[in-house]
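1. Sequence and predicted structure, then a few things I'm wondering about:
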Amino acid sequence: MTFLIKGVSLLGGEPTDLLLRDGVVAEAGTGVSAAGAQVIDADGLVALPGLVDLHTHLREPGREDAETVETGSRAAALGGYTAVCAMANTEPVADTAGVVEQVWRLGRRAGLVDVQPVGAVTVGLRGEHLAELGAMATSAAAVRIFSDDGHCVSDPRLMRRALEYVQAFDGTVAQHAEEPRLTENAQMHEGEISARLGLTGWPAVAEEAIIARDVLLAEHVGARLHICHVSTAGSVEILRAAKARGVRVSAEVTPHHLLLTDERTTTYDPVFKVNPPLRTGADVAALRQAVADGVIDAIATDHAPHTVEDKECEWAYARPGMLGLQTALPVALEVFGQQWDLIAERMSRAPARLAGLDGHGRHPATGEPANLTLVDPTARVSVDATAQASRSRNTPFARMTLPGRVVATFLRGEPTVLDGKASR
């Protein structure tokens, strides 16, 4: 079907008409017309390249009670995403070509976003033996990012081998930076509040030590390294120095680490339990600056759905993790305001480059793939946990009022969201 989007502002610029036909932007300009096209009045709306998430947990196969590829894809589309990278900690683990191809095919069947599987670095995420990296890379899923997320590849020899191996196909190892011997039984950020609450602390140095080590390993072998969910000011400084030396390292930060602090844990509400934990106000300020100046390349959701049984229980027994797909863009607007080019770079263009998704993260211009998101920048929406498309409800932003509303999302010119509602 052909769509004519009238009077939309491209990244906050002058009103432009966009004609979407055959999966691409067939024409962009003013006074565009097309017989038979469905017209969308976009006066006052902003067009962004479709968002790309580097870090999504879709839970399928194995934990379909918490999320499925289809429900997670619907949440992503409603959040303005056209592509997501599905993490490997499924049951069974995505450590073989067969499993990553299963996830990839489920994504294609849902047809709401492009689902790009992330392969495990080690068999079963156990950190003992390398997984089938080459087989996953050459599979139909064409895996390019490998991560044991949820677990750190703590053995430096194994990490070095992984970094060396992925160079053969220009792959990337994405590290969950956590020295496990420093975080045993940890419940929250180690600091004044953890001491006051009597909860075992998760020290910042546990993250920073692994990042420092892996930056040196990546520099030594010349490989591509990505750091997942950076959360501390010290991590930012390590990354800043590494990038200044030309190390091939990239990094992401989550929306919740840009907005929330460890003060939230004083309620003992497990919805605020996450790994890495919420940090201090000083850490949040450093992370925001790192996003602004490019030390942190991407804002990634770490969307982690959990069932009621796994989340609504005593703090010590609750699983760490938060929903993020439908609230990421509003949180980014809350933190950075209407800096549309910055948001497009950190939430679309850079993630697409890092994931090797060539059809995504492209400016909506004539001849480009029609993957785009239309946003109402004047809207303010109260987050309703029960209204999430995810099968789970563990959003830390419930009852918060945040700016921006995704009005429409287009995947290769076909709407997955229209008037703020899923169209499929």
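-> The structure has been received and is ready for your questions.

2. Give me the most central residue, the chain.
-> The centre of the chain sits closest to residue 300, judged by C-alpha atoms, centre = their mean, with a distance of 2.7 Å.

3. neighbours of residue 313, just the number please.
-> Using other C-beta atoms under 10 Å, residue 313 has 12 neighbouring residues. (Each C-beta comes from the backbone N, C-alpha and C, glycine too.)

4. thinking the residue nearest to the centre of the chain is in contact with residue 229, fair?
-> Yes - using C-beta atoms under 8 Å, residue 300 is in contact with residue 229, at 7.2 Å.

5. Now the common contact residues for these two.
-> 55, 252-254 (C-beta atoms under 8 Å, 6 or more residues apart in numbering).

6. Filter those down to the buried ones, ChimeraX style.
-> Buried subset of these, written as a ChimeraX selection, criterion 16 or more other C-beta atoms under 10 Å:
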select :55,252,253,254
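
7. Include secondary structure, distance to residue 169 and pLDDT when you put the shared contacts of residue 300 and residue 229 into a markdown table, please.
-> As requested, the shared contacts of residue 300 and residue 229 are arranged in a markdown table below (DSSP: H, G, I helix; E, B strand; the rest coil; distance: C-beta to C-beta, whole Å; pLDDT from 0 to 100):
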| residue | secondary structure | distance to residue 169 | pLDDT |
| --- | --- | --- | --- |
| 55 | strand | 21 | 98 |
| 252 | strand | 22 | 99 |
| 253 | strand | 27 | 99 |
| 254 | coil | 28 | 99 |
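
8. Out of the shared contacts of residue 300 and residue 229, which comes closest to residue 342?
-> residue 253 (13.1 Å; C-beta to C-beta).

9. check contacts around the closest one.
-> 229-231, 287, 290-291, 296, 298-300.

10. Please repeat the previous calculation with a cut-off of 7 Å.
-> 229-230, 287, 291, 296, 299 (C-beta atoms under 7 Å, 6 or more residues apart in numbering).

11. before we move on, what about residue 264?
-> Residue 264 makes contact with 272, 278, according to C-beta under 7 Å, 6+ apart.

12. How much space separates it from residue 278?
-> 6 Å (C-beta to C-beta, to the nearest Å).

13. list the residues that contact both of these two?
-> Here residue 264 and residue 278 share the contacting residues residue 272, scored by C-beta under 7 Å, 6+ apart.

14. Can you show me the strands along the stretch 151-300 of the chain?
-> 172-175, 188-189, 201-202, 224-227, 249-253, 298-299 (DSSP state E, counting those that start in this stretch).

15. can the ones you listed go into CSV with extra columns for distance to residue 321?
-> Formatted as CSV, the strands of the stretch 151-300 of the chain follow (distance: least, C-beta to C-beta, whole Å):
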stretch, distance to residue 321
strand 172-175, 17
strand 188-189, 14
strand 201-202, 14
strand 224-227, 18
strand 249-253, 16
strand 298-299, 17
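
16. how about the shared contacts of residue 300 and residue 229 in a markdown table, adding distance to residue 305?
-> Below are the shared contacts of residue 300 and residue 229 laid out as a markdown table (distance: C-beta to C-beta, whole Å):
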| residue | distance to residue 305 |
| --- | --- |
| 55 | 13 |
| 252 | 19 |
| 253 | 20 |
| 254 | 14 |
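
17. Out of the shared contacts of residue 300 and residue 229, which is nearest to residue 116?
-> Nearest to residue 116 out of the shared contacts of residue 300 and residue 229 is residue 55 (C-beta to C-beta; 11.4 Å).

18. Residue 56 - how many residues pack around it?
-> 30.

19. quick one, phi/psi of it?
-> The phi/psi pair for residue 56 (degrees, to the nearest 10) reads phi -130, psi 130.

20. Could you do residue 248 as well?
-> Dihedral angles for residue 248 - degrees, to the nearest 10 - are phi -80, psi 70.

21. any idea how far it lies from residue 38?
-> Distance from residue 248 to residue 38, by C-beta to C-beta: 44 Å.

22. Quickly note the distance from the residue nearest to the centre of the chain to residue 211.
-> Distance, residue 300 to residue 211, by C-beta to C-beta: 16 Å.

23. what do you get for residue 150?
-> For residue 150 relative to residue 211 (C-beta to C-beta), the value is 17 Å.

24. So for these two, which residue has more residues nearby?
-> Using other C-beta under 10 Å, the more surrounded residue of residue 150 and residue 211 is residue 211, with 23 against 17.

25. Identify the residues contacting that one.
-> 177, 227, 235, 238-239.

26. would you turn those residues into CSV with distance to residue 323 and neighbour count?
-> Below are those laid out as CSV (distance: C-beta to C-beta, whole Å; neighbours: other C-beta atoms under 10 Å):
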residue, distance to residue 323, neighbour count
177, 22, 27
227, 22, 25
235, 24, 31
238, 29, 25
239, 26, 24
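
27. So which of those sit within helices?
-> 235, 238-239 (DSSP state H).

28. Would you tell me which one of these comes nearest to residue 385?
-> residue 235 (30.0 Å).
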